[in-house]
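Asker: sharing a model that was predicted from the sequence below.
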Amino acid sequence: MALAIALAVPAGAQAAGNAYVTSDSVSGGLQSFDYGSAGLLAPMSPPSTAAPAATRAATVTPDGRTLYATGLGDQAAVYSLSAAGVPTGRGSVPTGSGPWGIVVSPDGHSLYVADSGDPETISQYDIAGDGSPTPKDPPRVPLSGTGSRYLAVNPDGRSLYIAHGATGGMSQFDIDGAGRLSPKTPASVPGPPLSVGFALTPDGRNLYLPVAADHVIYQYDVGSDGALTPKVPPTVPANDDQILVVSADGRSAYGTGSGAWVDQYDVGSGGVLVAKNPAFAVAPERMAGWMAVTPDARSLFVTGGPSGADPTRTYQFDIAANGTLAQKTPASVVSGGASRGLAVRPMQSALATFAAAPLPAGGATQFDATDSRDPNAGTISRYDWDFGDGSTAPDAGPTPAHVYGAAGNYTATLRVRGTGGCNDTVTNGFAVLCNGAPATRARTVAVAAPAGGGGGGGGSGVPAPVRAAFTVVSRKADRKGKVTLTLRPTVPGKFAATATGKRGRKRVTYGKGKATARTASQIKLTIRPGKAGRALRKRSRSLKLSIKVVFTPASNTTPTTSTSVTVRGG
């Protein structure tokens, strides 16, 4: 039995993605961009797509397949996104009066639109599997405040908030299991007027509301029921911030208004904002649009805005490991007239898939998940197996073997994690940044009775002998080059392993190791680099090894031939 197991090394490069900028001009429009490993925006082909007049805001479903945009005409346009992110118009759905902000729930089942006309309402929709929205019952929920432009959904999907820029304060709603809104108690929290865009941290515990006229950011705790209460202190100093966004890792917040800077904050203890050092990053010119962070927390984009120094541009910043900003080169790109709204396409979780080659009960059923993949420029780093008979194999690699003791149908389940960085759902209220729905796959494994009858035993009632096999539970390499394999045999026996690596076109021995399993339980086998192995490590920062493991069962068990497993890793 030969198994191929991949050892993944986390990628240092930033994952590629897509971003979309709306044009709040008479003709409207949607500008589409790719961004690559450096986080630099580059126009797609085609670079623009027709959109409603005065296109104000856009959002993308968590699965990255559908985009919605609001504009004049009391409508929300619907677009399908290709695998490469190119939008194709699919028509529109009616909204309330004067649609502005738009957001999708973290589970991707509901769409909400802030209607800022007369009367001011929130339109609510169900989202079908193909992304088509249909009005809920009721289709709209009334608002008590005015100047209601932007709204956000708590990351837990159970609460929605909307700020009232004219009358001040925020309305807060519960979201039921069908995605329908109902006012919380109290239905609103007091606050100042002239607020625009606010944000939540990805853990859903903190909400920040900037008010440019007061030169502060109001900060709130979010209770377990989603209700807002002012923090202590209730405000932190700011410049004329009107828009705020929180990074995907939840450690940093950024604010901007109508100046040539971006304020930058650490999210400190208790969610209180603390100015970074320096407290702001310089922008090339005055900006007055929207902001978005990339899912990998390495880039920030800011649109120029209709009242900015150059409304036709979108500005781009690098985010350092400590969350501080620096202008990219180039510092901005052309993004169409009156660039206002901005949406970034979410990253997707790893994709789990596997095949099984079942043997009769008592034999080793072979599993193969080598076709699982991480779409975010990463590799699969962990495979967790549940064989459906009460046995599990955490971090057992893509090709374990498992012995079922009796005939029957078993539901085997695989869950994978990738190095691309999207293993959990991450949202900052306005947008889902990472659609980390559990990357699992389940399938039925039909195990037959062994020859001679019985559900795992022969016709004489004597249990069938257990076939010798083993599973690679985990494999790790430390910085000193030591490789440790965790092995689980089905019977006692001895393991011998030889690791080899390439030097040019020639394969040389890296090191060897042995281990004895006195019972059918997990053991560890260690391989240390020999002289040739140490020389290989000096030649390369990242070394891929091929490890052959030979298992010889103990003489007092069922005879079998030697079994080998191949492990590739760095």
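Answerer: Yes, it's here. Numbering: from 1, shown residues only.
Asker: who's in contact with the closest residue to Ser159 other than its chain neighbours?
Answerer: Nearest in space to Ser159, with sequence neighbours left out and distances taken as CB to CB, 6 or more residues apart in numbering, is Gly226 at 3.0 Å. Every C-beta, even on glycine, is put in place using the N, C-alpha and C of the backbone. Gly226 makes contact with Asn154, Asp156, Arg158, Ser159, Gln172, Asp174, Lys184 under the criterion CB atoms under 8 Å, 6 or more residues apart in numbering.
Asker: got the phi and psi for Gly226?
Answerer: In terms of degrees, to the nearest 10, the main-chain angles of Gly226 are phi 90, psi 0.
Asker: okay, it: pLDDT?
Answerer: pLDDT for Gly226: 96.
Asker: quick revisit: of the contacts of Gly226, just the buried ones, ChimeraX syntax please.
Answerer: Buried residues within those, by 16 or more other CB atoms under 10 Å, are selected in ChimeraX with:
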select :154,158,159,172,174,184
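Asker: low-confidence ranges in the stretch 1-150 of the chain?
Answerer: For the stretch 1-150 of the chain, the stretches flagged by pLDDT under 70 are 1-15.
Asker: the stretch 151-300 of the chain too?
Answerer: Residue ranges of the stretch 151-300 of the chain with pLDDT under 70: none are present.
Asker: wait, doesn't Thr440 sit right on Ala352?
Answerer: Yes: when contacts are counted by CB atoms under 8 Å, Thr440 is listed as touching Ala352 (5.6 Å).
Asker: list residues touching both of those two?
Answerer: Leu414, Arg415, Val416.
Asker: so where does the first one fall, helix or strand?
Answerer: What that stands for is Leu414. strand 408-418 (DSSP states H and E).
Asker: run me through the strand neighbours of that strand, direction for each.
Answerer: strand 380-386 (antiparallel), strand 440-447 (antiparallel) (DSSP bridges).
Asker: residues making contact with the next helix or strand after that strand?
Answerer: Per DSSP H and E, the first helix or strand lying C-terminal to strand 408-418 is strand 426-427. With contact meaning CB under 8 Å, 6+ apart, strand 426-427 is reached by Pro106, Val153, Pro155, Leu200, Pro202, Ala248, Pro295, Val432, Leu433, Cys434, Gly436.
Asker: quick one: strands adjacent to strand 426-427?
Answerer: strand 432-435 (antiparallel).
Asker: now do the strand it pairs with, average pLDDT.
Answerer: Per-residue scores along strand 432-435 average to 90.
Asker: quick revisit: ranking the contacts of strand 426-427 by neighbours, who comes first?
Answerer: Val432 (30 neighbours; other CB atoms under 10 Å).
Asker: report the separation between the spatially closest residue to it that is not a sequence neighbour and Gly436.
Answerer: Closest residue to Val432 apart from its sequence neighbours, by CB to CB, 6+ apart: Pro62 at 4.3 Å. Per CB to CB, to the nearest Å, Pro62 is found 9 Å from Gly436.
Asker: intersection of neighbour lists for those two?
Answerer: Thr425.
Asker: quick one: low-confidence parts of the stretch 301-450 of the chain?
Answerer: Along the stretch 301-450 of the chain, the parts satisfying pLDDT under 70 run over 437-438.
Asker: show me what counts as buried in the strand or helix carrying Thr471.
Answerer: Thr471 belongs to strand 470-477 when assigned by DSSP H and E. Neighbour-count burial for strand 470-477, counted by 16+ other CB under 10 Å, picks out Phe470, Thr471, Val472, Val473, Ser474, Arg475, Ala477.
Asker: reformat these as TSV; add pLDDT and distance to Gly268.
Answerer: Shown next, in TSV, are these (pLDDT from 0 to 100; distance: CB to CB, whole Å):
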residue	pLDDT	distance to Gly268
Phe470	80	49
Thr471	79	45
Val472	81	43
Val473	79	40
Ser474	80	37
Arg475	82	39
Ala477	84	37
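Asker: one step back: so what strands line up beside the strand holding Thr471?
Answerer: Strand 470-477 has the following sheet partners, assigned by DSSP bridges: strand 483-489 (antiparallel).
Asker: I'd like the mean pLDDT over the partner strand, please.
Answerer: On average, the pLDDT along strand 483-489 is 87.
Asker: let's see the next helix or strand after it as PDB, backbone CA atoms only.
Answerer: Scanning forward in sequence from strand 483-489 by DSSP H and E, the next helix or strand is strand 493-503. C-alpha atoms of strand 493-503 as PDB (Å, rounded to 0.1, in the frame of the first residue of the first chain):
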ATOM      1  CA  GLY A 493       5.100  -4.300  14.500                       C
ATOM      2  CA  LYS A 494       8.300  -2.400  13.500                       C
ATOM      3  CA  PHE A 495       8.700   0.800  11.400                       C
ATOM      4  CA  ALA A 496      11.700   1.800   9.400                       C
ATOM      5  CA  ALA A 497      11.800   5.200   7.600                       C
ATOM      6  CA  THR A 498      14.200   6.700   5.100                       C
ATOM      7  CA  ALA A 499      14.000  10.300   4.000                       C
ATOM      8  CA  THR A 500      15.500  11.500   0.800                       C
ATOM      9  CA  GLY A 501      15.900  14.900  -0.900                       C
ATOM     10  CA  LYS A 502      17.100  16.200  -4.300                       C
ATOM     11  CA  ARG A 503      20.500  17.700  -4.900                       C
END
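Asker: outside of strand 493-503, which residues touch it?
Answerer: With contacts defined as CB under 8 Å, 6+ apart, strand 493-503 is touched by 468, 470, 483, 485, 487, 489, 507-517, 523, 525, 527, 532-533, 535-536, 539, 543-554, 557.
Asker: angle of it against strand 483-489?
Answerer: Per axes from the mean of the first three to the mean of the last three CA atoms, to 10 degrees, the angle that strand 493-503 makes with strand 483-489 is 150 degrees.
Asker: so for strand 493-503, mean pLDDT?
Answerer: 88.
Asker: buried sites along it?
Answerer: Buried-residue list, strand 493-503, by 16+ other CB under 10 Å: Gly493, Phe495, Ala496, Ala497, Thr498, Ala499, Thr500, Gly501.
Asker: repeat for stretch 543-551
Answerer: For stretch 543-551, by 16+ other CB under 10 Å, it's Leu543, Leu545, Ser546, Ile547, Val549, Phe551.
Asker: let's have those in JSON lines, adding distance to Pro230, secondary structure and pLDDT.
Answerer: Output for the buried residues of stretch 543-551, formatted as JSON lines (distance: CB to CB, whole Å; DSSP: H, G, I helix; E, B strand; the rest coil; pLDDT from 0 to 100):
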{"residue": "Leu543", "distance to Pro230": "55", "secondary structure": "coil", "pLDDT": "76"}
{"residue": "Leu545", "distance to Pro230": "56", "secondary structure": "strand", "pLDDT": "85"}
{"residue": "Ser546", "distance to Pro230": "60", "secondary structure": "strand", "pLDDT": "85"}
{"residue": "Ile547", "distance to Pro230": "58", "secondary structure": "strand", "pLDDT": "88"}
{"residue": "Val549", "distance to Pro230": "60", "secondary structure": "strand", "pLDDT": "88"}
{"residue": "Phe551", "distance to Pro230": "64", "secondary structure": "strand", "pLDDT": "87"}
